[in-house]
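1. I would like the atomic coordinates for the input below:
(one chain, ligands or ions: 2)
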Amino acid sequence: MEPLGIALLGCGTVGSGVARLLLTENERLSKRAGRPLRLRWVLVRDPSKPRGVALPSDIITTDFRTVLRDPQVMVVIELIGGLEPARHFILQSLEAGKDVITANKAVLAHYGDDIFETARRYGRTVAFEASVGGGIPIIAALAEELAANQILSIQAILNGTSNFILTQMQEEGVSYEAALAEAQRRGYAEADPTLDVSGADAAHKLAILSRLAFGPGPSVQEIFCRGIDQLQLADLRFAQELGYTIKLLAEAWLQDGQVALHVEPTLIHRLAPLAQVRGVYNAILVRGDVVGQTLYAGRGAGQMPTTSAILADLIDLAIGRAQLTFRTLRLWENHNRLPLRPPERIRSRFYLRITVEDRPGVIGEVATILGKHQVSISSVIQHEALDECEGEAVPVVIMTHTTNLSAFRLAVAQIDRLSCVAAPSIYYPVAD
Ligand code: NAP
Ligand code: HSE
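-> Ligands and ions are numbered 1, 2, ... in the order given. The predicted structure is shown next:
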């Protein structure tokens with residue numbers, strides 16, 4: 001059978017893993033694909049860079065036009081990352097009649113509409129299993145295995161770097177900076193790690209999952225997003241004391257024809273399944289109206305888990321399954337857009353840490369404001385201080401009952417204007 005010609009755009013952390021397996025495990029992969037797989041080109045910026053894979057020198061190029069003009073290249077695997085030139089290369093590949101595999105969640109979250117419409121126009125397929133959850137087959141689960149369901153909610157840990165950092169800080173006492181440096185050394189982080197720790201990478205992934213689960217909805221820019229970069233050790237410790245762990249949680253749910261979407265550090269009860277997800281692992285809880293709750297877990301970042309997902313897409317394309325799913329399930333089509341659920345209609349429990357002067361009446365002032373906004377307190381922690389410290393600023397931690405998000409935010413803003421409040425209050429949702 002005619003070989004399937006492949007071009008790899010990028011040969012960094014993931015690209016070098018894909019190239020290595022295509023070269024060293026070619027027989028196994030070709031057998032599974034039902035035809036020979038032939039790596040024809042590897043596009044990089046710097047051809048002299050060592051890559052941890054023995055690439056024949058005549059397949060390395062720095063000119064994308066070489067890939068585009070080669071009629072034997074049928075599949076382009078984009079592993080450059082970032083928005084440009086990745087978007088351009090994907091669109092041009094599709095227009096040139098090549099199918100595309102990508103792990104680039106940023107480009108899909110921002111330009112998915114354009115990319116998928118172009119693929120349809122040119123009768124091509126875009127496969128993107130590696131874009132969410134590293135080696136976890138969550139795209140296949142949503143697009144194929146749960147196809148009979150109306151998905152109701154997704155609750156997920158989607159950034160391996162952030163989860164690795166949080167685990168290192170909470171369990172090993174490692175500093176934030178040292179944990180981030182280790183995540184970078186292990187190849188988990190994005191080229192720009194701000195995307196990981198700001199929550200943007202998890203928001204990109206949530207946008208993709210939400211699109212598959214609920215159809216067209218709010219743009220990625222509309223997703224409420226906070227990362228772990230502002231998280232303080234004090235909150236990790238208070239959470240632990242209360243029986244919770246803090247995770248960067250991405251949530252999406254469908255309610256009354258609206259989609260709620262947010263990414264933020266969230267308190268999760270230490271016995272809940274997502275609290276057990278440690279290190280670089282990701283996990284995704286999906287609730288469907290027919291199946292009920294399902295849980296997917298695995299290594300969410302790193303060279304080999306991501307390579308596994310890329311090669312699964314390649315085999316699917318080689319045997320024609322990816323094309324079938326793409327066409328028949330009409331993935332990523334543009335039809336009625338669901339609106340974003342506004343904060344007035346979102347309810348949650350909250351963890352609130354206020355920093356107040358330790359003097360008479362302070363707790364009363366805070367409680368009065370919370371009460372006025374219908375925020376009910378479920379517990380309060382103020383650690384005992386020495387008598388001579390009276391008047392100094394101390395942390396007070398309040399757990400609330402389920403309350404309305406916008407009312408809660410108004411209450412916090414009002415609390416922060418009190419003369420007894422010494423620093424901006426910190427709050428995080430508590431997952432149920
Ligand atoms: P990376 O290590 O930074 O590698 C990027 C590669 O792209 C490098 O080989 C670089 O060439 C090449 N490149 C960059 N700009 C280029 C340009 N303008 N023209 C030609 N080549 C260019 O990135 P990565 O970690 O492998 O990630 C690749 C993609 O996979 C990203 O979209 C990322 O979000 C996604 N992803 C990564 C992981 C992970 O764990 N790392 C997991 C899932 C998904 P040089 O080597 O010559 O500089
Ligand atoms: N930087 C990403 C993460 C890679 O840490 O999850 C996987 O998408």
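2. Tell me which residues touch the closest residue to ligand 1 within the stretch 1-150 of the chain, please.
-> Ranking the residues of the stretch 1-150 of the chain by distance to ligand 1 (CB to the nearest ligand atom) places G12 first, at 1.9 Å. C-beta coordinates here come from the backbone N, C-alpha and C atoms, glycine included. Counting by CB atoms under 8 Å, 6 or more residues apart in numbering, G12 touches L79, G81, A191.
3. May I see the PyMOL selection of the buried members of those residues?
-> Filtering those down to the buried ones (16 or more other CB atoms under 10 Å) takes a single PyMOL command:
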select buried, resi 79+81
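4. of the contacts of G12, closest to I346?
-> Using CB to CB, G81 comes nearest to I346 of the contacts of G12, at 32.4 Å.
5. now that closest one, what's its secondary structure?
-> coil (DSSP: H, G, I helix; E, B strand; the rest coil).
6. Which pLDDT value does the model give it?
-> Looking at G81, its pLDDT is 98.
7. Quick check: it touching K105?
-> No: if you go by CB atoms under 8 Å, G81 and K105 don't touch, sitting 9.4 Å apart.
8. S210 belongs to a helix?
-> Yes: assessed by three-state DSSP, S210 belongs to a helix.
9. What sits closest to it if chain neighbours are left out?
-> A252 (4.5 Å; CB to CB, 6 or more residues apart in numbering).
10. Excluding chain neighbours, give the residue nearest to A423 in space.
-> T355 (4.1 Å).
11. how about the one you found, what does it touch?
-> A393, V394, P395, V396, V421, A422, A423, S425.
12. Show me the beta-bridge partners of it.
-> Assessed by DSSP bridges, T355 has beta-bridge partners P395, A423.
13. Distance of it relative to ligand 2?
-> Separation of T355 from ligand 2 (CB to the nearest ligand atom, to the nearest Å): 32 Å.
14. any idea how far ligand 1 is from that residue?
-> Counting by CB to the nearest ligand atom - T355 and ligand 1 are separated by 37 Å.
15. ok, now I315?
-> 18 Å.
16. And the next helix or strand past the helix or strand that that residue is a member of?
-> Assigned by DSSP states H and E, I315 belongs to helix 303-319. Counting by DSSP H and E, the element after helix 303-319 in chain order, helix or strand, is helix 321-328.
17. which residues are contacting that following helix?
-> D99, A119, T125, V126, A127, A143, E144, D313, D316, L317, L331.
18. Secondary structure, pLDDT and neighbour count for those - can I get that in TSV?
-> Formatted as TSV, these follow (DSSP: H, G, I helix; E, B strand; the rest coil; pLDDT from 0 to 100; neighbours: other CB atoms under 10 Å):
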residue	secondary structure	pLDDT	neighbour count
D99	strand	98	25
A119	helix	96	24
T125	coil	97	26
V126	strand	97	24
A127	strand	97	28
A143	helix	93	19
E144	helix	93	14
D313	helix	98	27
D316	helix	98	21
L317	helix	98	23
L331	coil	76	22
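19. Which one of those residues is nearest to ligand 2?
-> Distances from ligand 2 to the contacts of helix 321-328, taken by CB to the nearest ligand atom, are shortest for D313, at 14.7 Å.
20. I'd guessed A189 sits against L180; true?
-> Yes: contact status for A189 versus L180: in contact at 7.2 Å, counting by CB under 8 Å.
21. Neighbour count for these two, which is higher?
-> A189 (26 against 23; other CB atoms under 10 Å).
22. gap between the closest residue to ligand 2 within the stretch 1-150 of the chain and L22?
-> Using CB to the nearest ligand atom, G134 is the residue of the stretch 1-150 of the chain that sits closest to ligand 2, at 5.3 Å. Distance of G134 to L22, given as CB to CB, to the nearest Å: 19 Å.
23. what about those two, which has more around it?
-> Between G134 and L22, counting by other CB under 10 Å, G134 is the more crowded of the two (28 against 23).
24. Secondary structure of that one: a strand, I assume?
-> No: going by three-state DSSP, the assignment for G134 is coil, not a strand.
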